[in-house]
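Colleague: kindly generate the corresponding structure for this input.
(chains A and B)
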There are 2 protein chains.
Amino acid sequence: MGGDFGPCVTVPASLQALASNLQLHLLLVGDPAAISPLLAKADPVLLERLQVVPAESVIAGDAKPSQAIRASRGTSMRMALELIKTGEAQACVSAGNTGALMGLAKMLIKPLKGIERPALMTVLPNQQLSKTVVLDLGANVACDSTMLVQFAIMGAVMAEDVVGIAQPRVALLNIGEEESKGLDNIREAAAVLKQIPAINYIGYLEGNDLLTGKTDVLVCDGFVGNVTLKTMEGVIRVFLSLLKSSGGGGKQAWWLTLLGRWLQKRVLKRFGHLNPDQYNGACLLGLRGTVIKSHGAANPRAFAVAIEQAVQAVQRQVPDRIAARLEAVLPKSD
Amino acid sequence: MGGDFGPCVTVPASLQALASNLQLHLLLVGDPAAISPLLAKADPVLLERLQVVPAESVIAGDAKPSQAIRASRGTSMRMALELIKTGEAQACVSAGNTGALMGLAKMLIKPLKGIERPALMTVLPNQQLSKTVVLDLGANVACDSTMLVQFAIMGAVMAEDVVGIAQPRVALLNIGEEESKGLDNIREAAAVLKQIPAINYIGYLEGNDLLTGKTDVLVCDGFVGNVTLKTMEGVIRVFLSLLKSSGGGGKQAWWLTLLGRWLQKRVLKRFGHLNPDQYNGACLLGLRGTVIKSHGAANPRAFAVAIEQAVQAVQRQVPDRIAARLEAVLPKSD
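Modeller: Next up is the predicted model:
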């Protein structure tokens, strides 16, 4: 029910995801009156793996998370998360209120042992045609060094087990590469990470290295991560829109316009892997289950990508692997 | 002497700037043995407006600012700033060690009355074909609400008096547009800015609005500003390099390759105003003089842009105008 467009996006996306993944089963939690009409023309074969779970109410996208959580009983978001708790679902995907989703997920699904606060993580494409795991993207506006270290460990597990990079490089996002740079919590986290042999810590990186592929995991607090990711998305959108508008217009022969459009399409293709739609879906890492937050403005294709992310996280058993790594890496408490 | 390339960039840039601005006089402070050979083939007419001021030593780009400042006597950076203090120069442009430049500038040139800490500011192009003033870009890693309010006032003066926007819109960079979002210092600054009638405060904006032109002034702390700007630059460089490499290659007729390059050039032209070289030069606002920090990796064209920024700041009397606005806006202390 969530996101800027509600079922108009999530239902077609669900049908897309079912069509492209024959193992997938989906439970659509929400208002049947809003969902069912969108299923009317769907392929009946797909509908065999889809079930509508009626929910009475919806958490508004602009609701204050603390209030929304208090009054969450019976909402589609809470019911979806409860399906994980009861074992009826293995993952939850939502484009709804981020704060409410994180709060409810933490309350219902519980953090893993050794995790203070879950973090929002996404996997970005990079210039080396590989991927970079970035976290936290906004689950925690302020982070101490312990949290940053935990994020680094979780990010390394994602890079190794989901992206498939052996001994992934881990860096902290900072405003300079020298050791003395930045904020206290970052410098403290650097000192701890250097002492963990299981983590391939490579030092600080700056914002301009977000897409260069110099690291496999990039760690920052949730405020900085959120601003960084949104800045990147904003710049990419400006570029794509300039690119799209640069084909036609002006006084030129019709054949030049046609040829221009053709060449422009080729160029756009090269940028395809950087299009924000392609890597939609931030994973809430550090919980005993899989919860994916889709961009609120996602279109059906982008929301389908978020569903596919959930599938991968379940298949690779991300929560279990993180728990095992934490157990191995962090000092034993008694 | 500063930056990644030293006089190899700054001297040709100086000659470019002198050629394009006939009122400009430049003092090149540094090692004559490194500077003079680069002037050997210069037009003698330009050299009439250029003078080499010998300096014994140089602050290394990677020196720790606190140590560099302590041992700064006789360095090119300090001598250049002292020329402002003595009135022999009206502005200083440097591509050197940012921390040392800010520390020395504050020590030698002094902040304006009412300013706790100077801020690094730059003027970015935006999608509306206007400009956006962004600060702080890294002068202060942590900022309290008072500093953010001062940055907002200084940014508004820049937007009005240098960019030429009447009643410039002022926004705070945050991770959401709702009032309850973000960190305490940002929320407190918002509360204060709302109460200042002379400031056209419009609320919070997110990172994706950096280039959309929804605001004329965007205010944040130095850590976030630095990461944001560098992220933007990094993404733009990735795009420009992809764009440049998308012309040739592959198996195709020669005429298609030629035509492709021609069209690609047209596209690149459209992105010209977003090329980081075009808006190089961050101004250290809040001092009783003009100090411009160029990107360390600037090429001659980009460094010449930074010199031109200094000229504009001097012509528009930015320090005086900021002082006058602070006097008018801030509550009188006694």
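Colleague: near chain B, which residues of the stretch 51-200 of chain A?
Modeller: Residues of the stretch 51-200 of chain A lying near chain B by CB under 8 Å from any CB of the partner chain: A:62, A:64, A:127, A:138, A:141-142, A:173, A:175, A:178, A:180, A:182-183. In this view, the C-beta of every residue, glycine as well, is placed from N, C-alpha and C.
Colleague: now list the buried members of the residues you listed.
Modeller: A:127, A:138, A:141, A:173, A:175, A:182-183 (16 or more other CB atoms under 10 Å in any protein chain shown).
Colleague: coming back round to it: ok, of the residues of the stretch 51-200 of chain A next to chain B, which one's closest to chain B?
Modeller: When those are compared for distance to chain B (CB to the nearest CB), residue A:175 wins out at 4.2 Å.
Colleague: quick one: residues contacting that closest one.
Modeller: By CB atoms under 8 Å, 6 or more residues apart in numbering or on different chains, the contact set of residue A:175 is A:181-182, A:206, B:138, B:141, B:222-223, B:226-227, B:230.
Colleague: go again with 10 Å.
Modeller: A:181-183, A:186, A:204, A:206-207, A:224, B:98, B:137-138, B:141, B:222-227, B:230 (CB atoms under 10 Å, 6 or more residues apart in numbering or on different chains).
Colleague: repeat for residue A:166
Modeller: Each residue near residue A:166 by CB under 10 Å, 6+ apart is listed here: A:159-160, A:200, A:216.
Colleague: ok so residue A:212 is a helix residue?
Modeller: No. Remark: residue A:212 does not belong to a helix; assigned using DSSP: H, G, I helix; E, B strand; the rest coil, it is coil.
Colleague: surely residue A:31 is in contact with residue A:79?
Modeller: No. Counting by CB atoms under 10 Å, residue A:31 does not reach residue A:79; the two are 11.5 Å apart.
Colleague: what do these two both touch?
Modeller: What both residue A:31 and residue A:79 touch, as defined by CB under 10 Å, 6+ apart, is the set A:54-57.
Colleague: circling back: among the residues of the stretch 51-200 of chain A next to chain B, name the ones in helices.
Modeller: With helices defined by DSSP state H, no entry of these lies inside them.
Colleague: out of those, which comes closest to residue B:280?
Modeller: residue A:175 (18.0 Å; CB to CB).
Colleague: next one: phi and psi at the closest one?
Modeller: Main-chain dihedrals, residue A:175, degrees, to the nearest 10: phi -100, psi 20.
Colleague: please apply the same query to residue A:204.
Modeller: Per-residue torsions, residue A:204: phi -90, psi 150 (degrees, to the nearest 10).
Colleague: quick one: residues contacting the closest residue in space to it that isn't next to it in sequence.
Modeller: Nearest non-adjacent residue to residue A:204, counting by CB to CB, 6 or more residues apart in numbering or on different chains: residue A:174, 3.9 Å away. Taking CB under 10 Å, 6+ apart, we find residue A:174 in contact with A:181-183, A:186-187, A:190, A:203-207, A:219-220, A:224, B:141, B:223, B:226-227.
Colleague: next one: residue A:59
Modeller: A:1-2, A:65, A:67-69, A:71-72, A:75-78, A:94, A:96-97, A:99-101, A:104.
Colleague: next secondary structure element downstream of the least confident helix or strand in chain A by mean pLDDT?
Modeller: Sorting the helices and strands of chain A by mean pLDDT, DSSP states H and E puts helix A:254-271 at the bottom, at a mean of 67. Once the chain leaves helix A:254-271, the next helix or strand it forms, by DSSP states H and E, is strand A:282-285.
Colleague: average pLDDT for that next one?
Modeller: Per-residue pLDDT values across strand A:282-285 average out to 93.
Colleague: would CSV of the residues of the stretch 51-200 of chain A next to chain B with pLDDT and distance to residue A:310 be doable?
Modeller: Below are those laid out as CSV (pLDDT from 0 to 100; distance: CB to CB, whole Å):
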residue, pLDDT, distance to residue A:310
A:62, 87, 25
A:64, 88, 27
A:127, 83, 27
A:138, 90, 19
A:141, 89, 25
A:142, 89, 28
A:173, 97, 26
A:175, 92, 34
A:178, 78, 40
A:180, 76, 41
A:182, 84, 34
A:183, 91, 33
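Colleague: hey, where'd the helices end up in chain A?
Modeller: For chain A, the helices defined by DSSP H cover A:7-20, A:32-39, A:44-47, A:65-70, A:76-85, A:98-109, A:145-157, A:184-194, A:222-245, A:254-271, A:300-315, A:318-329.
Colleague: quick one: low-confidence parts of the stretch 151-300 of chain A?
Modeller: Where the stretch 151-300 of chain A drops to pLDDT under 70, the residues are A:244-253, A:255-257, A:259-260, A:263-264, A:266-276.
Colleague: about what we covered before: if you rank the shared contacts of residue A:31 and residue A:79 by neighbours, which is first?
Modeller: residue A:55 (20 neighbours; other CB atoms under 10 Å in any protein chain shown).
Colleague: quick one: residues contacting residue A:101.
Modeller: A:2, A:59, A:65, A:68-69, A:77-78, A:80-81, A:92, A:94-95, A:120, A:139, A:284, A:291-293 are the contacts of residue A:101 under CB under 10 Å, 6+ apart.
Colleague: spatially central residue in chain A, please.
Modeller: In chain A, the residue lying closest to the centroid (CA atoms, centre = their mean) is residue A:282, at 1.0 Å.
Colleague: contacts only, for the residue nearest to residue A:117 when sequence neighbours are not counted.
Modeller: Residue nearest to residue A:117 in three dimensions, not counting chain neighbours: residue A:140, with 5.1 Å by CB to CB, 6+ apart. Contact analysis of residue A:140 by CB under 10 Å, 6+ apart lists A:102, A:116-120, A:147-148, A:151, A:221-223, A:225.
Colleague: filter the residues you listed down to the buried ones and hand me the PyMOL line.
Modeller: The buried subset of the contacts of residue A:140, as determined by 16+ other CB under 10 Å, is captured in PyMOL by this line:
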select buried, chain A and resi 102+117+118+119+120+147+148+151+221+222+223+225
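Colleague: list the buried residues in stretch A:110-126.
Modeller: Buried-residue list, stretch A:110-126, by 16+ other CB under 10 Å: A:111-112, A:114-115, A:117-126.
Colleague: distance of residue A:209 from chain B?
Modeller: 6 Å (CB to the nearest CB, to the nearest Å).
Colleague: is that residue in contact with residue A:134, as I believe?
Modeller: No. At 11.2 Å, residue A:209 does not count as touching residue A:134 under the criterion of CB under 10 Å.
Colleague: give me the common contacts of those two.
Modeller: Residues touching both residue A:209 and residue A:134 (CB under 10 Å, 6+ apart) are A:173, A:215, A:218.
Colleague: inside strands: which ones of these?
Modeller: Residues of the shared contacts of residue A:209 and residue A:134 located in strands (DSSP state E): A:173, A:218.
Colleague: skipping adjacent residues, who's closest to residue A:144 in space?
Modeller: Of all residues not flanking residue A:144 in the chain, residue A:185 sits nearest, at 5.4 Å (CB to CB, 6+ apart).
Colleague: go ahead and confirm the one you found touches residue A:173.
Modeller: No. Counting by CB under 10 Å, residue A:173 is not a contact partner of residue A:185; they are 11.9 Å apart.
Colleague: give the residues shared as contacts by the two.
Modeller: Common neighbours of residue A:185 and residue A:173 are listed as A:148, A:221 (criterion: CB under 10 Å, 6+ apart).
Colleague: do you know how far residue A:46 is from chain B?
Modeller: Taking CB to the nearest CB, one finds residue A:46 at 34 Å from chain B.
Colleague: that residue touches residue A:12, doesn't it?
Modeller: No. Counting by CB under 10 Å, residue A:46 does not reach residue A:12; the two are 11.4 Å apart.
Colleague: what touches both of those two?
Modeller: By CB under 10 Å, 6+ apart, the residues touching both residue A:46 and residue A:12 are residue A:39.
Colleague: neighbours of residue A:107, how many?
Modeller: Residue neighbour count, defined by other CB under 10 Å, stands at 12 for residue A:107.
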